[in-house]
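In: I would like to see how this sequence folds:
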Amino acid sequence: MLDNKKTIGKLLNQRDNFIIIGLTGRTGSGCTTAANILSKEFSPPQVSDIGNTKDYKLSPLSKKRYEITRKFTEKNWQKFYSVKISDIITSILFDTNKTEIVKLISETLEKNDSKAKRFLTNFNFDRKLKLLSRQRDLINSILSGMKK
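Out: As a prediction, the model looks like this:
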């Protein structure tokens with residue numbers, strides 16, 4: 001298995017074969033909701049199910065445009081894979097040697113003792129290792145699909 005930097009670099013060099021969408025925003029802005037929608041199978045609603053309220057009706061031209069878009073989406077939709085920045089940071093952290101991690105934690109403890117202790121108490125290493133494994137499998141799957 002490739003190390004993380006090489007894997008991410010190789011993946012990004014293949015970006016002609018896929019799309020990367022970065023979602024950022026404040027808490028509650030809808031980024032997680034958008035990521036969840038994009039990472040699921042998707043079937044757009046029928047034109048009869050949208051734009052027909054008493055206050056608003058789609059014009060015949062808008063209905064035709066929507067129907068063209070809906071048919072294209074149904075035929076071509078491929079769900080996205082969601083990769084959180086915390087997964088990437090954790091992946092890099094796990095690839096960092098122990099001495100560097102201890103140094104980083106020590107420096108952090110000196111600067112902000114309570115935040116660092118809270119982080120170390122709440123950080124779920126088992127969960128992060130499972131996520132890291134899932135992300136590596138996903139990246140390797142994407143890379144092997146591109147070789148074909």
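
In: for this structure, where's the lowest mean pLDDT among helices and strands?
Out: Comparing every helix and strand of the chain by mean pLDDT, DSSP states H and E singles out helix 113-122 as the least confident one, with a mean of 66.

In: Kindly give the local confidence score, pLDDT, for the residue of the chain most remote from its centre.
Out: Taking Cα atoms, centre = their mean as the measure, the residue most remote from the mean C-alpha position of the chain is residue 54, 38.1 Å away. As predicted, residue 54 sits at a pLDDT of 73.

In: phi, psi of it?
Out: phi -70, psi -20 (degrees, to the nearest 10).

In: hey, where'd the helices end up in the protein?
Out: Taking DSSP state H as the criterion, the chain carries its helices at 4-13, 31-38, 60-76, 85-95, 98-111, 113-122, 125-147.

In: Which of the ones you listed sits closest to residue 25?
Out: With respect to residue 25, and counting by Cβ to Cβ, the nearest of these is helix 31-38 at 4.6 Å. In short, each C-beta sits where N, CA and C put it, glycine included.

In: mean confidence score for the closest one?
Out: 91.

In: can you check stretch 64-77 too?
Out: Averaged across stretch 64-77, the pLDDT comes to 91.
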